[in-house]
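Student: sequence first, predicted coordinates after that:
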Protein chains: 2
Amino acid sequence: MTHVDIREVSLRDGLQIEKPIPLAAKLELLAAVAATGVREVEVTAFVSPTKVPSMADAAEVAAHLHDYPDIEFSALVASPNGAKRAVAAGLRSIEYVVAADDAFSMRNVGRTSAEATDQIGEIIAIAHDGNVTVEVTIATAWDSPFEGPTPPQRVLDIATAARDRGADRLSIADTIGTTTPGRVSSLIAQVLPVIGDLPLGGHFHNTRGSGLASAYAAVNAGVTRLDASVGGLGGCPFAPGATGNIATEDLVYLLTDSGIDVDVDLKAAIAAADVAKSLVGHDLPSALLRAGDRIRA
Amino acid sequence: MTHVDIREVSLRDGLQIEKPIPLAAKLELLAAVAATGVREVEVTAFVSPTKVPSMADAAEVAAHLHDYPDIEFSALVASPNGAKRAVAAGLRSIEYVVAADDAFSMRNVGRTSAEATDQIGEIIAIAHDGNVTVEVTIATAWDSPFEGPTPPQRVLDIATAARDRGADRLSIADTIGTTTPGRVSSLIAQVLPVIGDLPLGGHFHNTRGSGLASAYAAVNAGVTRLDASVGGLGGCPFAPGATGNIATEDLVYLLTDSGIDVDVDLKAAIAAADVAKSLVGHDLPSALLRAGDRIRA
């Protein structure tokens, strides 16, 4: 039986587009997420508190993670300074985001794609010095919200740089929810030969309804880890029209029903989605939260 | 390049759960649907006007189809009497629905699955006498809303009966939106050897978010036709929790972006979804209607 690791990103990608919620509310969501059995949680981002106010309490969130020794927590960073802050806060794992197109990269981090790629080595040095693992996440891997389709070679170049500079993992992200199974299979088939034995993850949004189909295609193409967000909470403040991540509970339903093993319990994921919905105070796009599980034999 | 036929079902499966709308409104939706370039439209149902009031004007709808000579129109029927009405109204093609489980079949048509299967021959005789083609549609092919998982052998038995009694086509329907790509591939792999050269179609609902992923898996497994509804309009009045069909525009986006050819134009499908939304007076679950197309190269 194939196993897929699910990384819960509701506390980072899910909340970053929302108005800031109190630390206590985040810890309530974290407790609900931890109860799902998930083994990996991207829990915050060490980025500009001016640009992303909802992540301003990153160090405070990090101070509460010792309550969950069985979960591998990570944080997103976008600069060497962010990496230093994450290491200092005690994180054991970081994601460094490099966008594959310049227009999004400039709006997201104020640097071109090439400039962000050039910082991979520095980020990895900072992290590895602190015994912290580094995943390089390639954003806008299929499409830019400003420039249209991303040439696959840009993704391959960043992937090559990540491998050469000693990244521990790689992931490719459909930041704006435009890709589809055919393009997912195609890009992954090009990336895998480039990265050797680096584990490859996928990050999909359901903006155009194709997120789950793309995630399933990614598993068939060879990714071993998928990001998801309870309730489908999420979006990107710097990508117009971006909506939620694929919902954890919808992904768990699809994968387990298709014979793929995951660590996340479906009922607990639906319960966590309900907590997320209460905390942000509006409906979420999750299908399972609305329709519930099917009748089991 | 693989080609998939899309059959537009908004006028039947889409509207059957809605309050009846005037004939003129249906004709407005039909005009919008016809403008997409779609070649097959399931346009109404000849069923009990008491049980499905929104289809009570089936014969009146049928009287307007000569305006669209390039479209193959069909109507759903659930009994020999419905088949007679459809033939008399001038339809050239009918779908006869047989549910694979007894609980849904009893609620849907007042007959067990075996009793409904036994009527296939009579339906086909009525239709073929009038030079009308017959598709047998197997409802609740993966799950019953009342009994849980459908044993695949029930589907194979109905498929065998359809083949033996001279059906022109077969389709399998996930009536309540519970199936997933793994189970889709598995069932289709079992059905195809049974039906010889009968064309096989698939009908999916997006109730649990897996509809598009299941549709894509169905194409990869060998179906050549998919039902869809502009806007994701739809649901089944006799299946608790059932929500919309997969949205035509979301399906067109996914398939064409994945390199699969369809007859339906994306922009026109989004426009038709907008017409559907106005006519029923409430939001529809379509993702493309909300997010729009991606930026093209």
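Tutor: Nice, thanks for sending it over.

Student: rest of the way, CA atoms for contacts and neighbours
Tutor: OK.

Student: name the residues of the one helix or strand residue A:83 maps to that are buried.
Tutor: Using DSSP states H and E, residue A:83 sits within helix A:80-88. Within helix A:80-88, the residues that qualify as buried are A:80, A:82-87, counting by 16 or more other CA atoms under 10 Å in any protein chain shown.

Student: can I get the CA coordinates of that helix in PDB?
Tutor: This file holds the C-alpha atoms of helix A:80-88, laid out as PDB (Å, rounded to 0.1, in the frame of the first residue of the first chain):
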ATOM      1  CA  PRO A  80      18.400  34.700   5.500                       C
ATOM      2  CA  ASN A  81      17.100  36.900   8.300                       C
ATOM      3  CA  GLY A  82      13.900  34.800   8.500                       C
ATOM      4  CA  ALA A  83      16.000  31.700   8.600                       C
ATOM      5  CA  LYS A  84      18.000  33.100  11.500                       C
ATOM      6  CA  ARG A  85      14.900  34.000  13.400                       C
ATOM      7  CA  ALA A  86      13.400  30.500  12.800                       C
ATOM      8  CA  VAL A  87      16.600  28.800  14.000                       C
ATOM      9  CA  ALA A  88      16.700  31.100  17.000                       C
END
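
Student: for it, name the packing helices and strands.
Tutor: Applying 3 or more CA pairs under 8 Å, 6 or more residues apart in numbering or on different chains; DSSP states H and E, we find helix A:80-88 packed against strand A:40-46, strand A:72-77, helix A:120-129.

Student: how far does that helix sit from its chain's centre?
Tutor: Distance of helix A:80-88 from the chain centroid (CA atoms, centre = their mean, to the nearest Å) equals 18 Å.

Student: pull the distance from the next helix or strand after it to the chain's centre.
Tutor: Using DSSP H and E, the helix or strand that follows helix A:80-88 in sequence is strand A:93-99. Centroid separation for strand A:93-99 versus its chain: 9 Å, with CA atoms, centre = their mean.

Student: can you list contacts of strand A:93-99?
Tutor: A:72-79, A:83, A:86, A:105, A:113, A:116-117, A:120, A:123, A:127, A:132-141, A:158 (CA atoms under 8 Å, 6 or more residues apart in numbering or on different chains).

Student: repeat the analysis, applying 6 Å as the threshold.
Tutor: Strand A:93-99 is contacted from outside by A:74-78, A:105, A:113, A:116, A:132-140, using CA atoms under 6 Å, 6 or more residues apart in numbering or on different chains.

Student: pLDDT of that strand, averaged?
Tutor: Regarding strand A:93-99, the rounded mean pLDDT is 98.

Student: so what are the sheet partners of that strand and their directions?
Tutor: Sheet pairing of strand A:93-99 (DSSP bridges) gives strand A:72-77 (parallel), strand A:133-139 (parallel).

Student: and the last one, C-alpha only, in CSV?
Tutor: Written as CSV, here are the backbone C-alpha positions of strand A:133-139 (Å, rounded to 0.1, in the frame of the first residue of the first chain):
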residue,chain,number,x,y,z
THR,A,133,16.7,20.9,7.8
VAL,A,134,15.8,22.9,4.7
GLU,A,135,13.1,22.3,2.2
VAL,A,136,13.3,24.5,-0.9
THR,A,137,9.7,25.2,-2.1
ILE,A,138,9.4,26.3,-5.7
ALA,A,139,6.4,28.7,-5.9
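
Student: so, in contact with chain B or not, stretch A:246-262?
Tutor: Yes: Stretch A:246-262 comes into contact with chain B (CA under 6 Å from any CA of the partner chain), by way of A:254, A:258.

Student: quick check: buried residues in that stretch?
Tutor: Neighbour-count burial for stretch A:246-262, counted by 16+ other CA under 10 Å, picks out A:246-258, A:260, A:262.

Student: repeat that for stretch A:170-190.
Tutor: A:170-185, A:187-188.

Student: would you put the C-alpha positions of that stretch in PDB?
Tutor: As requested, the backbone C-alpha atoms of stretch A:170-190 are provided in PDB (Å, rounded to 0.1, in the frame of the first residue of the first chain):
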ATOM      1  CA  LEU A 170      12.200  19.900  -2.400                       C
ATOM      2  CA  SER A 171       8.600  20.800  -3.100                       C
ATOM      3  CA  ILE A 172       6.700  22.300  -6.000                       C
ATOM      4  CA  ALA A 173       3.800  24.600  -5.400                       C
ATOM      5  CA  ASP A 174       0.800  25.500  -7.600                       C
ATOM      6  CA  THR A 175       0.600  28.800  -5.700                       C
ATOM      7  CA  ILE A 176      -2.500  30.200  -7.600                       C
ATOM      8  CA  GLY A 177      -4.400  27.000  -8.200                       C
ATOM      9  CA  THR A 178      -4.200  26.800 -12.000                       C
ATOM     10  CA  THR A 179      -2.500  23.500 -12.700                       C
ATOM     11  CA  THR A 180      -4.200  20.300 -13.800                       C
ATOM     12  CA  PRO A 181      -3.300  16.600 -13.700                       C
ATOM     13  CA  GLY A 182      -1.700  16.500 -17.100                       C
ATOM     14  CA  ARG A 183       0.700  19.300 -16.400                       C
ATOM     15  CA  VAL A 184       1.400  18.000 -12.900                       C
ATOM     16  CA  SER A 185       2.500  14.600 -14.300                       C
ATOM     17  CA  SER A 186       4.600  16.300 -17.000                       C
ATOM     18  CA  LEU A 187       6.500  18.600 -14.600                       C
ATOM     19  CA  ILE A 188       7.100  16.000 -12.000                       C
ATOM     20  CA  ALA A 189       8.500  13.600 -14.700                       C
ATOM     21  CA  GLN A 190      11.000  16.400 -15.600                       C
END
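
Student: that stretch vs chain B: in contact?
Tutor: Yes: against chain B, stretch A:170-190 shows contacts by CA under 6 Å from any CA at A:180, A:182-183.

Student: return the member of these nearest to chain B.
Tutor: Distance to chain B across the residues of stretch A:170-190 next to chain B (CA to the nearest CA) is lowest for residue A:182, with 3.9 Å.

Student: now do the same contact list for the closest one.
Tutor: Counting by CA under 6 Å, 6+ apart, residue A:182 has contacts residue B:258.

Student: try 7 Å
Tutor: Applying CA atoms under 7 Å, 6 or more residues apart in numbering or on different chains to residue A:182 gives the contacts B:258-259.

Student: how far does the strand or helix carrying it sit from its chain's centre?
Tutor: Using DSSP H and E, residue A:182 sits within helix A:181-195. With CA atoms, centre = their mean as the basis, helix A:181-195 stands 18 Å off its chain's centre.

Student: name the SS class of residue A:32, please.
Tutor: Assigned with DSSP: H, G, I helix; E, B strand; the rest coil, residue A:32 falls in the helix class.

Student: where do the strands sit along the stretch 151-297 of chain A?
Tutor: A:169-174, A:200-204, A:225-228 (DSSP state E, counting those that start in this stretch).

Student: got the residues of the stretch 1-150 of chain A near chain B?
Tutor: Residues of the stretch 1-150 of chain A lying near chain B by CA under 7 Å from any CA of the partner chain: A:148-149.

Student: in the stretch 1-150 of chain A, which residue sits closest to chain B?
Tutor: Closest residue of the stretch 1-150 of chain A to chain B, CA to the nearest CA: residue A:148 (4.7 Å).
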